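Q: Task: produce atomic coordinates for the following.
(one chain, ligands or ions: 1)
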Amino acid sequence: MKFSFERGLSFRRALIAVTLSSGLFFAGPRAAVPPAQIAATPPMGWNSWNHFARRVDDATVRAQADAMVSTGMRDAGYVYMNIDDTWEGQRSATGEIQTNEKFPDMKALADYVHGKGLKIGIYSSPGPKTCAGFEGSYQHEEQDAQTYAKWGIDYLKYDLCSYLDIMKTAPTPEAAHQMMLDAYTKMHNALVKTGRPIVYSLCQYGDDAVWEWGASVGGNLWRTTGDITDRYARMETIGFSQAGLAKFAGPGHWNDPDMLEIGNGGMKPDEYRTHMSLWALLAAPLLSGNDLTQMSPETTAILTNKEVIAIDQDPLGKQGDRVWTEGPMEIWARPLSGGAKAVGVFNRHPGPMHVEMPFAEIGFKGPVHVRDVWAGKDLGILDGSYPVTLPGHGVVLLKVGK
Ligand code: GLA
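A: Numbering: from 1, shown residues only. Purely as a prediction, here's the structure:
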């Protein structure tokens, strides 16, 4: 049901136009955010959509959960097994959401996943239909939250989809915007009421400056962009467009530039390392989107690199930002607990490039300890700058500290 998504675009643009021209929506202070009990660091796991799309079923999720353990992904920190769209069946006579034939017993599947030391996530929409045209949660929010809790669900991705059509009934763009906030708040309250800790992931494609209000409607993460694909150009557009959003993220509430494509085959290893490095610097959720039963050693090495994951999961929870650019070269830095910084030197050019990495640009004067994260090598004490030669679309990821 892509139609609702596409048809919604012009309306969303109108909303944004009004937002920008009137400054009406976001003038007030942000609601206070309580200390993080859920998603204290960016959620890590797997999501079915990027690789399996509509083909996901019970057997797939079980096989992926097995592989999550056998590949070392679980022990590297990936715990959520998230079923995206297309699991939904019809509602019962009493309105209870049921699974379709691909998922004969969701509670049994959740038990299986939990038995592996993993958690399980599910997907719905505040609208009557999901983006793929399945049953959404509209007017069944409390009932659905209770059903998820009964099944043992630990994570909900809530995707705007056909709720955009409901918003069109609002008399003004401001009222439509408020309807969206209310819809997201409604499901948040329903989830809280279950008493089960359920990570709440907002998906509305990054419109209406969601980073400004995502936490105030209870979101633990919110998509900041449209959908990623397994192409360098799309990943690059999404990843490097995140500059300026750092101040909106923190423990319990994260910017989400969409799921990972690492291992799906459409990018070169250097490009996938760029993808992983940038997402770690962005304190992004790390939701692998590949077939975990078919991982090459290189894919496993990229996804499970302990030092890169430690940057993503740094307990300080401060998102990184762009600090320097020169042509296609960019430097992004992220403050880490303990005073060091993670630093990504990126080459967006398709061919190799050389740069003298100036430490002053990332806030260090005098000698610094430098470690090359992907090489797993200490480079010793350096002063002034560091000469870096990068492959096309490549990255050097450093840890720099006094
Ligand atoms: C939207 C979302 C995707 C995915 C699909 C499922 O496009 O942005 O991440 O969930 O819907 O239909």
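
Q: quick one: whichever residue of the stretch 101-250 of the chain sits closest to the ligand from Arg371, how far?
A: Using C-beta to the nearest ligand atom, Cys131 is the residue of the stretch 101-250 of the chain that sits closest to the ligand, at 3.3 Å. Every C-beta, even on glycine, is put in place using the N, C-alpha and C of the backbone. Per C-beta to C-beta, to the nearest Å, Cys131 is found 42 Å from Arg371.

Q: What part of this structure, helix or strand, is modelled with the least confidence?
A: Counting by mean pLDDT, DSSP states H and E, the weakest-scoring helix or strand in the chain turns out to be helix 2-22, with a mean of 34.

Q: Just checking: what are the partner strands of the helix or strand that that one is followed by?
A: Per DSSP states H and E, the first helix or strand lying C-terminal to helix 2-22 is strand 44-47. In the sheet, strand 44-47 lines up against strand 80-82 (parallel), strand 286-288 (parallel) (DSSP bridges).

Q: Please write out the alpha-carbon positions of strand 44-47 in PDB.
A: Taking Å, rounded to 0.1, in the frame of the first residue of the first chain, the C-alpha atoms of strand 44-47 are listed here in PDB:
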ATOM      1  CA  MET A  44      20.900  -3.200  18.800                       C
ATOM      2  CA  GLY A  45      19.400  -6.100  16.900                       C
ATOM      3  CA  TRP A  46      18.100  -7.300  13.600                       C
ATOM      4  CA  ASN A  47      15.100  -6.200  11.500                       C
END
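
Q: how far does it sit from the chain's center?
A: 9 Å (C-alpha atoms, centre = their mean, to the nearest Å).

Q: ok, what's across the strand from Pro335?
A: Lys341.

Q: Name all residues that make contact with it.
A: When contacts are counted by C-beta atoms under 8 Å, 6 or more residues apart in numbering, Pro335 is found next to 316, 318, 320, 341.

Q: Go through stretch 167-181 and flag the buried ones.
A: 167, 170, 173, 176-177, 179-180 (16 or more other C-beta atoms under 10 Å).

Q: Nearest to the ligand among the contacts of Pro335?
A: Gly320 (23.5 Å).

Q: In space, what's closest to that closest one - neighbours in sequence excluded?
A: Arg334 (2.9 Å; C-beta to C-beta, 6 or more residues apart in numbering).

Q: Kindly state the pLDDT recorded for that neighbour?
A: Listed pLDDT for Arg334 reads 98.

Q: what's the distance between the residue most central in space within the chain and the ligand?
A: Residue closest to the average C-alpha location in the chain (C-alpha atoms, centre = their mean): Asp256, at 3.4 Å. Note on Asp256: its distance to the ligand, by C-beta to the nearest ligand atom, to the nearest Å, is 10 Å.

Q: Report pLDDT for that residue.
A: 99.

Q: Comparing Cys131 and Arg371, which residue is more hemmed in?
A: Set Cys131 next to Arg371 and count neighbours by other C-beta atoms under 10 Å: Cys131 wins out with 24 against 18.
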